[in-house]
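> Have a look at this fold, sequence not included:
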DNA sequence: ACAAAAGTGTTTGGAATACACCCATGC
DNA sequence: GCATGGGTGTATTCCAAACACTTTTGT
């Protein structure tokens, strides 16, 4: 911050606008979310959702993707707008409105690289999340609720797995998000009935059991069907 | 605009933040939306969604309610956040991010009073909407899609009718929103199976046919059931 | 050969669909 | 008494839920 810093003046006062992301990951067992340990005040040292201020030449989604890349190194993820939080006192620095997003990342992208804005990034199991900075606890709750609702009627479970996955893996994704147990056979039949999975020939798994068949999700086919009125459900 | 006008200066540039509302109404026959004829530039004379700038001491929802009351006189309506639009060039006045809402108003509140920000407010059938100012065509499309999706799994059709209504009226609401015809008998049974309607004794209608039974939606009962895991559907 | 995980098929109950008849009112 | 709109019941179809056995692989 130099002495002769530039300022921007307006006829009426304006709020700041930020974006915040709730990033969900799946480690094969349970649902995780990605948090950043804040390196600066306010809430220095506390965990928070990654995010930052919106620039004048980027949309909020572009901002969310940029901040995500800067703070965690994650690119090319599933990202969807969640909700805009505008409580007058939600940020001690002043009036800050945040456009929140929720994201799903593939386990391949689980590896993190330290960014510059934050001193640390870490995954937390959804049921062991510490108290968060700002109103991020609330944002996280809304994001989790949205995910639970959304996974029932849109095929987004795949976004948490690698390109190639098995049906039991996908089932575990569903179970960990919804917090329920489902019947293997019924789940299998249901998923297969949509005819949206492309089978992969070589079934390499390699644990103390029978190897599972591998599949790839056919995104184009889904888009085509959807535009013709097809409805994915459960 | 006086000579010695106050200005507000910040270290970094900030976008303006507005709210815009897509207001749905039902006249007994078809779905309508409420538009405002713009009295000032830009887009002067064109139709637009009602809305305005967010003040520093109000949430975006409070802003939406305030603008709605000012421009249309409508109060106490069903209002829900829709989406935040942030395209860099969506407003010729500069960088403006809008937090949009969608609203459902009862036919009782159909009567409009002229506001000050706008020279005219008028209802348009959803299929006869003129070209709108800014990116409001897009916002309207998103709002209509959301309404179509939402009405299937939340009991919000009631919000478009008066406190007391008949089942056939409710059915027409559903049909006009979804653009489909449904079977009277099945609709009736389905709605009644939820046990969320309180019957009203005197059935006064008075048109060239048999008077229909009247009901009231039991909001408390719905909230109670919902919190116990009940799911409304269709 | 045994344990652990994955694949598959059948039965059953309940809900959604389709469909037809009777009643009340206004003209 | 006829047209219009409102109310109710039943058969069929389909999907979801519950459930058991066989196969493969690693030890």
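Right, received. Where do you want to start? Bear in mind that the values here come from a model prediction, so they are computed numbers and not experimental data.
> hmm, which helix or strand of chain A has the shakiest average pLDDT?
Within chain A, confidence by mean pLDDT, DSSP states H and E is lowest for strand A:118-125 among all helices and strands, at a mean of 80.
> what helices or strands is the helix or strand following that one leaning on?
As assigned by DSSP states H and E, the chain's next helix or strand after strand A:118-125 is helix A:136-153. Applying 3 or more C-beta pairs under 8 Å, 6 or more residues apart in numbering or on different chains; DSSP states H and E, one finds that helix A:136-153 contacts strand A:16-26, strand A:78-85, strand A:96-104, helix A:167-178. (Glycine included, C-beta is placed from N, CA and C.)
> Residue B:41: which of those is closest?
strand A:16-26 (24.6 Å; C-beta to C-beta).
> quick one, the helix or strand just after the closest one and helix A:136-153 angle?
Sequence order places strand A:31-38 as the next helix or strand after strand A:16-26, per DSSP H and E. Strand A:31-38 and helix A:136-153 meet at an angle of 150 degrees, taking axes from the mean of the first three to the mean of the last three C-alpha atoms, to 10 degrees as the criterion.
> Check which helices and strands strand A:31-38 sits against.
Using 3+ C-beta pairs under 8 Å, 6+ apart as the test, strand A:31-38 ends up in contact with strand A:16-26, strand A:47-48, helix A:60-72, strand A:118-125.
> which residues are contacting the last one?
Defining contact as C-beta atoms under 8 Å, 6 or more residues apart in numbering or on different chains, one finds that strand A:118-125 is touched by A:25, A:27, A:30-39, A:47, A:50, A:71-72, A:110, A:112, A:114-115, A:130.
> which stretch in the helices and strands packed on strand A:31-38 has the least confidence?
Here the helices and strands packed on strand A:31-38 differ in mean pLDDT, and the lowest is strand A:118-125 at a mean of 80.
> partners of that strand in the sheet?
Strand pairing for strand A:118-125, determined by DSSP bridges: strand A:31-38 (antiparallel).
> still on that earlier bit, select only the buried ones of the contacts of strand A:118-125 in ChimeraX?
Filtering the contacts of strand A:118-125 down to the buried ones (16 or more other C-beta atoms under 10 Å in any protein chain shown) takes a single ChimeraX command:
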select /A:25,31,32,33,34,35,36,37,38,47,50,71,72,115
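> Contacts only, for the residue nearest in space to the middle of chain A.
By C-alpha atoms, centre = their mean, chain A has its centre lying nearest to residue A:103, at 2.0 Å. Shown in contact with residue A:103 (C-beta under 8 Å, 6+ apart): A:21, A:22, A:23, A:24, A:64, A:68, A:74, A:77, A:78, A:79, A:80.
> same thing with residue A:233?
A:152, A:153.
> How much space separates it from residue B:145?
Relative to residue B:145, residue A:233 is positioned 17 Å away (C-beta to C-beta, to the nearest Å).
> Check residue A:12 too.
Taking C-beta to C-beta, one finds residue A:12 at 33 Å from residue B:145.
> swap in residue A:31?
Where residue B:145 is concerned, residue A:31 sits at a distance of 28 Å (C-beta to C-beta).
> What of residue A:175?
Distance from residue A:175 to residue B:145, by C-beta to C-beta: 30 Å.
> Neighbour count: these two, which is higher?
residue A:175 (15 against 11; other C-beta atoms under 10 Å in any protein chain shown).
> List the residues that contact that one.
Contacts of residue A:175 by C-beta under 8 Å, 6+ apart are A:181, A:182.
> Which pLDDT value does the model give it?
pLDDT, read off for residue A:175, is 95.
> Same question for the one 3 residues further on.
For residue A:178, the model assigns a pLDDT of 94.
> Once you drop chain neighbours, what's closest to it?
residue A:148 (6.0 Å; C-beta to C-beta, 6 or more residues apart in numbering or on different chains).
> do the same with residue A:161
Closest to residue A:161 by C-beta to C-beta, 6+ apart is residue A:169, at 5.8 Å.
> Likewise for residue A:20?
residue A:51 (3.5 Å).
> Hmm, residue A:19 and the one you found touching each other?
Yes. With contact defined as C-beta atoms under 8 Å, residue A:51 and residue A:19 form a contacting pair (5.1 Å).
> Compare neighbour counts for these two and give me the winner.
Taking neighbours as other C-beta under 10 Å, residue A:51 and residue A:19 compare with residue A:19 leading, 30 against 25.
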